[in-house]
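S.K.: structure, please.
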Amino acid sequence: LVQGVPMSRLTGLGGLTNAELQKTAGSSPTVYRARLFVRQTWGVGGEREAVASDQNQLAGTRDKNRVVLSVGKLAVSDIFDANAYAHDPRTQFMNWSFLTHGAYDFAADSRGYSVGAALEYYRDDWAVRAGRFMLPRESNGLALDRSLSRHHGDQFELEKGYVLAGQPGKARLLLFRNRAVMGGFDDALAVAAGRVPDVALVRQLRVKRGWGINLEQSLGDSAGLFARVGRSDGASEAYAFAEIDRSLSLGLNIKGAGWGRAQDTLGLAYARNGLSASHQKFLAAGGNGFFVGDGRLNYRPESITEGYYSLGLDVLKRTAISLGAQYIRNPAYNADRGPVKVVSVRLHTEF
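M.R.: Got it, this is the predicted structure:
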């Protein structure tokens, strides 16, 4: 069930302010099926480890070394580009720039879900993942393209756990490749011949590629750091996620144990988003993307600073109220606009 109207109707920003609201959200409640998938795990040795009940996960035990197959409808981010400190907009950072790599145009319909399969292999401190998922039929659309052999989003991820100064951490390398009918910025500029360029006029079968590096580092029982850097080729339109071609984010989460509130969390983070040279030229010529386009763009990288305080409620377990604020400079990469200040209040509970 979803209901909500996003700020500025999801336009005017590269890193949008609320990752909980969908592109199809509206003022009327909408009921839909988010996930329906099968997951099979095969143990292949190593120590046994306990698994707690959690989102998309049943309690039990499993082999540390294992193979996992997931098939069906789910969010690509359920499996790829996880991070303990910046991945869940319900209780962590809200801006899209901290949900995942801003430049990761991962396969999803306009609600954030897709259909496909992913295979994972865990071996000691290593993990390898690969998956193929459906892209929407059209840029940022709701209907998925069922021609999975012709049009698809592929991703590959390598993960390594490590210990630094006695504290655990993880490093992840992500590669992605989308194959779909998309509009290219250089082609749109060439066809326009001095007029306002339009990517809809030059849509054809294209491939978009990108990569990302993701780090998480524990600083003890009460704090942790995260950092991400990512990049796409930036040659074609934003197809399924945000209008970002270059992304950098880093931040810190601190538990409230130091001030007697162990169930609370304080988070501070910074993101810097950018566009490719051809994307900049397209917007400077008056072109419009799905999310940004002010006409004759005075380009500057977009920067976002976000902080939140999540207050765990003693009277209700698994319930938190979060107060947040975002400060955005050069919104939509336009030095002539902003800054934008956003405040938020969230209530999240789990049953």
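S.K.: partner strands of the helix or strand hosting Val229 and their direction?
M.R.: Using DSSP states H and E, Val229 sits within strand 223-232. The strands beside strand 223-232 in its sheet (DSSP bridges) come out as strand 203-218 (antiparallel), strand 246-256 (antiparallel).
S.K.: dump the ones you listed into a markdown table; add mean pLDDT and distance to Arg177 as well.
M.R.: (Each C-beta comes from the backbone N, C-alpha and C, glycine too.) As requested, the strands paired with strand 223-232 are exported to a markdown table (pLDDT from 0 to 100; distance: least, C-beta to C-beta, whole Å):
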| stretch | mean pLDDT | distance to Arg177 |
| --- | --- | --- |
| strand 203-218 | 98 | 5 |
| strand 246-256 | 97 | 17 |
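S.K.: what sits against the closest residue in space to Leu144 that isn't next to it in sequence?
M.R.: Once flanking residues are discounted, Leu144 sits nearest to Met134: 4.3 Å by C-beta to C-beta, 6 or more residues apart in numbering. Neighbour list for Met134: 107, 114-116, 144-146, 148, 151-153 [criterion: C-beta atoms under 8 Å, 6 or more residues apart in numbering].
S.K.: who wins on neighbours among these?
M.R.: Neighbours here mean other C-beta atoms under 10 Å. Within the contacts of Met134, the largest count is held by Ala107, at 29 neighbours.
S.K.: that residue and Pro197, how far apart?
M.R.: 26 Å (C-beta to C-beta, to the nearest Å).
S.K.: how close does Trp249 get to Tyr122?
M.R.: For residue 249 the amino acid is Ser, not Trp. Going from Ser249 to Tyr122 by C-beta to C-beta gives 26 Å.
S.K.: next one: Phe37
M.R.: 19 Å.
S.K.: which one of those two has more residues nearby?
M.R.: More crowded of Phe37 and Tyr122, by other C-beta under 10 Å: Tyr122, with 22 against 15.
S.K.: is it true that that one touches Val68?
M.R.: Yes: using C-beta atoms under 8 Å, Tyr122 is in contact with Val68, at 7.4 Å.
S.K.: let me know the secondary structure of Asn178.
M.R.: Following DSSP: H, G, I helix; E, B strand; the rest coil, we place Asn178 in the strand state.
S.K.: what bridges to it?
M.R.: Assigned bridge partners for Asn178, using DSSP bridges, are Gly153, Lys208.
S.K.: in contact with it: list those residues for me.
M.R.: Per C-beta under 8 Å, 6+ apart, neighbours of Asn178: 105, 107, 135, 152-154, 207-209, 239-240.
S.K.: for the residue most central in space within the chain, which residues are in contact?
M.R.: Centrality entry for the chain: nearest residue to the mean C-alpha point is Thr100, 3.2 Å, by C-alpha atoms, centre = their mean. Thr100 makes contact with 77, 81, 87, 106, 212, 228, 241, according to C-beta under 8 Å, 6+ apart.
S.K.: many thanks, have a good one.
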